[in-house]
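J.: what would the 3D arrangement of this be:
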Amino acid sequence: MPQLIVLPHVELCPEGAVIEAKAGVSICDTLLENGIEIEHACEKSCACTTCHVIVREGLESLNEAEELEEDMLDKAWGLEPNSRLSCQTIVDAQDLVIEIPKYTINMVKEGHH
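T.: Numbering: from 1, shown residues only. The predicted structure is shown next:
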């Protein structure tokens, strides 16, 4: 089973995390299933950038970004060449190291009142 290694994030995952991931499941769903409450304001429909992650290792093993994802990423805070929307990025067999950016452009968090 591949591992999803999450680098420390001040609010969401201060200590970082190592998660057993399932191939065929998105990074976003994997994070949420393991208690890391990454933002996902569009309900994972590729209509925002709040689930933006930076893939530090393992990018080559992931599915290709489609045009819609590429267009949305242009609006993401802290965009890097290895940025992806976690809701559109499917885990394969290789371990991944990801960083959740410090900020998003979203002002409202889903599931928070």
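J.: low-confidence ranges in this structure?
T.: 106-113 (pLDDT under 70).
J.: tell me the centre residue of it?
T.: Central residue of the chain (Cα atoms, centre = their mean): S86, 3.1 Å from the mean position.
J.: strands of this structure, residue ranges please.
T.: Secondary structure of the chain, counting by DSSP state E: strands at 3-6, 17-20, 52-57, 83-85, 96-99.
J.: wait, which of the ones you listed is closest to E39?
T.: The closest of those to E39 is strand 52-57. By Cβ to Cβ, the value is 8.8 Å. Yep, even glycine has a C-beta here, placed from its N, CA and C like the rest.
J.: what residues does the residue nearest to the centre of the chain make contact with?
T.: Shown in contact with S86 (Cβ atoms under 8 Å, 6 or more residues apart in numbering): 26-28, 31, 38, 40, 51-53, 98.
J.: returning to that earlier point: as a markdown table, the strands of the chain with distance to L68 and mean neighbour count would be great.
T.: Below are the strands of the chain laid out as a markdown table (distance: least, Cβ to Cβ, whole Å; neighbours: other Cβ atoms under 10 Å):
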| stretch | distance to L68 | mean neighbour count |
| --- | --- | --- |
| strand 3-6 | 24 | 20 |
| strand 17-20 | 27 | 16 |
| strand 52-57 | 14 | 20 |
| strand 83-85 | 9 | 25 |
| strand 96-99 | 21 | 21 |
